[in-house]
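Q: curious how this folds, go ahead:
(one chain, ligands or ions: 1)
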Amino acid sequence: MDYTHFLRQQCYINGKWCDADNGATINVSDPGKGKVLGTAPNMGQVETERAIDAAEAALPAWRAKTAGERAKIMRRFFDLMIANQDALGELLSREQGKPFSEAKGEIAYSASFIEWFAEEGKRAYGEVVPSHAADRRIVTLKQGIGVVAAITPWNFPSAMIGRKLGPALAAGCTMVLKPASATPYSALALAVLADEAGVPAGVFNVVTGSARAIGGELTRNPKVRKLTFTGSTEIGVQLLRECADTVKKVSMELGGNAPFIVFDDADVEAAVEGAIVSKFRNCGQTCVCTNRFYVQDAVYDEFVTKLAARAKAMPIGYGMDEGVVIGPLIDMAAVEKVEEHLEDALSGGATLLTGGKRHTLGGSFYEPTVVANVKADMKLAREETFGPLAGVIRFKDEAEAIALANDTEFGLAAYFYARDLGRVWRVAEALGAGIVGINTGLISTEVAPFGGVKQSGLGREGSRHGIDDYMEIKYLCMGIL
Ligand code: ADP
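A: Okay, the predicted model is just below:
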């Protein structure tokens, strides 16, 4: 199947493909070519309310199925995603810019959550609690929470949906999704496959258009019992406020400011490899991307020299071109943020080792950049850069590294390289992050709980815990026994 089969320019509500009521559309661009790829409906409050009504109407029948019945449909959904991995990957690469190989990897990752939660749904056990009274028995049930609203970002246009849709479907919930306006096609492609897999009408709805109008209705409408969001802390805070009025359950996967520490007992070669993956994957546009490097005195020079050499050698280009590992940034605002952070660092005395400018390909292509002699108070160490800019800070001892790493309001991912077992445990326990990569720069998998502490979020996605965010515990107290 060609990727164009999945390029749907309509929304999916109650099992039907539809336009905005007023026919309005938004343009969707290919960030690599800078050209319009197509349009998506510019929907607002009215269409969103219709989608919520459809999700509510579909709820009783979906909830009434056994977990096994839902799992069979989800398994078909997973199989279809894998069977169409190339076409879905190409669509994703074209709308988002990431290299085709990464895009295909994302499709597999996205699908893995559908498969995993199909199985976990069967294991959403309640419990029998030893009673507090001779004539009473206590039992708990776990039940799907109801209609779920999901709002997702452009950096992982498929995976951030798979992660939410998997547990929601498995728990017997129905969903209204608003994908990012920059990348609606991967979301709509999932609707094509959900339909084909036999997900009933109304169980999964996709609405594109005005973030404010759609988001406003998703958070206001009392029929929506849960909001799951991945995006910036700023918007997450706003959505949390909006959800307060109807006391919705919320999951928030927000911004990060991941530290990457290299201790003097580390395998420096391995640390450089981990650094490349963790910093430059998706052109630095992931919420778990390293944002600041801390390297101990004794290995500092070796690390920065090797990191710069590796960064310089990374092939840059259009996502669908052979061998490319660095694609374009999502838009020019993203380029300007990188430039602002770089300028701030260089004007404060940091040293440019490689990159440092827009790529000759033009548009939003930017060279992988490494700067040394960075100070802890520079913008690139304090704010999420979300681009291919690596700044390296020198430190003396373990206590200093931990203090520097934890000096942030964020707490999503943290990484460190060390071989001393005592140090590994000490540092792992001391880092203020929901996820710690130890001697690895890659931490995402559907089998582990993903999520942040502090202002990086609420809740966990993936693992056996992930389904709990979509369920309520009901306690049954039986008397007169
Ligand atoms: P990013 O920096 O990754 O674009 P955002 O938080 O701006 O992160 O966007 C993440 C998602 O939130 C996108 O789908 C975006 O359209 C949506 N969004 C942005 N503003 C709002 C809003 N006011 N209400 C609801 N959703 C919003």
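Q: CA only for contacts and neighbour counts going forward, please
A: Fine.
Q: flag the shaky bits of the stretch 351-481 of the chain, pLDDT-wise.
A: Along the stretch 351-481 of the chain, no part satisfies pLDDT under 70.
Q: for Ala87, which non-adjacent residue is spatially closest?
A: Leaving aside its sequence neighbours, Ala87 sits nearest to Tyr3 (CA to CA, 6 or more residues apart in numbering; 4.2 Å).
Q: which residues touch Ser110?
A: Residues counted as contacts of Ser110 (CA atoms under 8 Å, 6 or more residues apart in numbering) are Ser158, Ala159, Met160, Ile161, Gly162, Arg163.
Q: helices - which of the residues you listed land there?
A: Using DSSP state H, Ala159, Met160, Ile161, Gly162, Arg163 are the members of these that sit in helices.
Q: most proximal residue of the stretch 251-400 of the chain with respect to the ligand?
A: Using CA to the nearest ligand atom, the single residue of the stretch 251-400 of the chain nearest to the ligand is Leu254, 7.9 Å away.
Q: and the residue of the stretch 51-200 of the chain found nearest the ligand, how many neighbours?
A: In the stretch 51-200 of the chain, the residue found nearest to the ligand is Ala180; the distance is 3.3 Å by CA to the nearest ligand atom. Using other CA atoms under 10 Å, Ala180 has 21 neighbouring residues.
Q: likewise for the one 3 residues further on?
A: Other residues within reach of Thr183, judged by other CA under 10 Å, total 28.
Q: just to be sure, it is in a strand?
A: No - per DSSP: H, G, I helix; E, B strand; the rest coil, Thr183 lies outside any strand segment and is coil.
Q: what residues does the stretch 201-350 of the chain put near the ligand?
A: Ala211, Arg212, Gly215, Gly231, Ser232, Ile235 (CA under 6 Å from any ligand atom).
Q: nearest spatial neighbour of Val139, chain-adjacent residues omitted?
A: For Val139, ignoring the flanking residues on the chain, the nearest one in space by CA to CA, 6+ apart is Val128 at 4.5 Å.
Q: quick one, what contacts that neighbour?
A: Arg137, Ile138, Val139, Thr140.
Q: mind giving me the packing neighbours of whichever strand or helix holds Glu429?
A: Per DSSP states H and E: Glu429 is located in helix 421-430. Helix 421-430 makes packing contacts with helix 398-406, strand 435-438 when contacts are defined by 3 or more CA pairs under 8 Å, 6 or more residues apart in numbering; DSSP states H and E.
Q: export stretch 119-129 as CSV, just CAs?
A: C-alpha atoms of stretch 119-129 as CSV (Å, rounded to 0.1, in the frame of the first residue of the first chain):
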residue,chain,number,x,y,z
GLU,A,119,-2.8,-8.2,26.7
GLU,A,120,-2.7,-6.1,29.9
GLY,A,121,-6.5,-5.5,29.6
LYS,A,122,-7.0,-9.2,30.4
ARG,A,123,-5.0,-8.7,33.6
ALA,A,124,-6.7,-5.7,35.0
TYR,A,125,-7.4,-7.6,38.2
GLY,A,126,-9.4,-6.4,41.2
GLU,A,127,-8.8,-7.9,44.6
VAL,A,128,-10.4,-9.6,47.6
VAL,A,129,-9.4,-7.7,50.7
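Q: mind listing what's buried along that stretch?
A: Glu119, Glu120, Gly121, Lys122, Ala124 (16 or more other CA atoms under 10 Å).
Q: got TSV for those, with secondary structure too?
A: Compiled in TSV, the buried residues of stretch 119-129 are given as follows (three-state DSSP):
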residue	secondary structure
Glu119	helix
Glu120	helix
Gly121	helix
Lys122	helix
Ala124	coil
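Q: run a quick neighbour tally on the closest residue in space to Glu56 that isn't next to it in sequence.
A: By the measure of CA to CA, 6+ apart, the closest residue to Glu56 outside its immediate chain neighbours is Val147, 6.1 Å from it. Other residues near Val147 come to 29 when the count uses other CA under 10 Å.
Q: contact partners for Asn282?
A: Lys98, Pro99, Glu102, Asn155, Ile326, Gly327.
Q: tell me the secondary structure at the third one.
A: Spelled out, it's Glu102. Assignment for Glu102 (three-state DSSP): helix.
Q: so how far is Asp297 from Gly349?
A: According to CA to CA, to the nearest Å, Gly349 stands 18 Å off from Asp297.
Q: same check on Arg225?
A: Computed as CA to CA, the Arg225 to Asp297 distance reads 51 Å.
Q: the more surrounded of the two?
A: Arg225 (21 against 16).
Q: list the contacts for the more buried one?
A: Shown in contact with Arg225 (CA under 8 Å, 6+ apart): Ile145, Gly146, Val147, Val148, Ala149, Lys248, Lys249.
Q: residues near the nearest residue to it once chain neighbours are set aside, how many?
A: Nearest residue to Arg225 in three dimensions, chain neighbours excluded: Lys248, at 5.2 Å (CA to CA, 6+ apart). By other CA under 10 Å, the residues close to Lys248 number 22.
Q: same question for the one 5 residues further on.
A: Each residue near Glu253 was counted by other CA under 10 Å, and the total is 28.
Q: now swap in Asp344 and tell me
A: Neighbours of Asp344 using other CA under 10 Å come to 15.
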